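In: What follows is a predicted protein model with its sequence.
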Amino acid sequence: GEGQPLAASAPAASSSSGGVINPTNATSPQTLDASKPTTSIAIRLLNGKRLVVKVNLDAPVSELGQHIGSQAGMDPYSLTSGYPPARIDDLGKSVEEAGLKGAQVVLKKA
């Protein structure tokens, strides 16, 4: 199969990468805009710890990865939500578009 050579620069977390977030590329999350609608999302990390993140509904799903940062360790992961858990592949969608308002998100090793 065709792949990228290891020396190729890795895509930023905000680009569509099939739902995989690489913590080594994490940047600082956007500042919460209190004038816009917000939601709290419960995130279950790979180590079982729980994190509650408050984000704007129009924030991209990739921002959750920025809030998680290095707390998930250094292994790439994907986000799942719902029951049965479904992987969130489009990290460019807004939190609201992805149906994550008030949701619980669980990390899975990529």
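Out: Looks like it arrived, so ask away. Numbers count the residues shown, from 1 in each chain.
In: For the rest of this, base every contact and every neighbour count on C-alpha atoms.
Out: Fine.
In: Backbone dihedrals for A72, please?
Out: Dihedral angles of A72 (phi, psi; degrees, to the nearest 10) stand at phi -90, psi 0.
In: Y83 versus that one, what's the distance?
Out: 22 Å (C-alpha to C-alpha, to the nearest Å).
In: and the spatially closest residue to L79 that is not a sequence neighbour, what does it touch?
Out: Nearest non-adjacent residue to L79, counting by C-alpha to C-alpha, 6 or more residues apart in numbering: L107, 4.8 Å away. Neighbouring residues of L107 by C-alpha atoms under 8 Å, 6 or more residues apart in numbering: 43-46, 77-80.
In: can you check T39 too?
Out: When contacts are counted by C-alpha under 8 Å, 6+ apart, T39 touches 54-57, 101-102.
In: Could you check how far it is from K54?
Out: 6 Å.
In: can you pull out the helices in this structure?
Out: Taking DSSP state H as the test, the helices found in the chain are 62-68.
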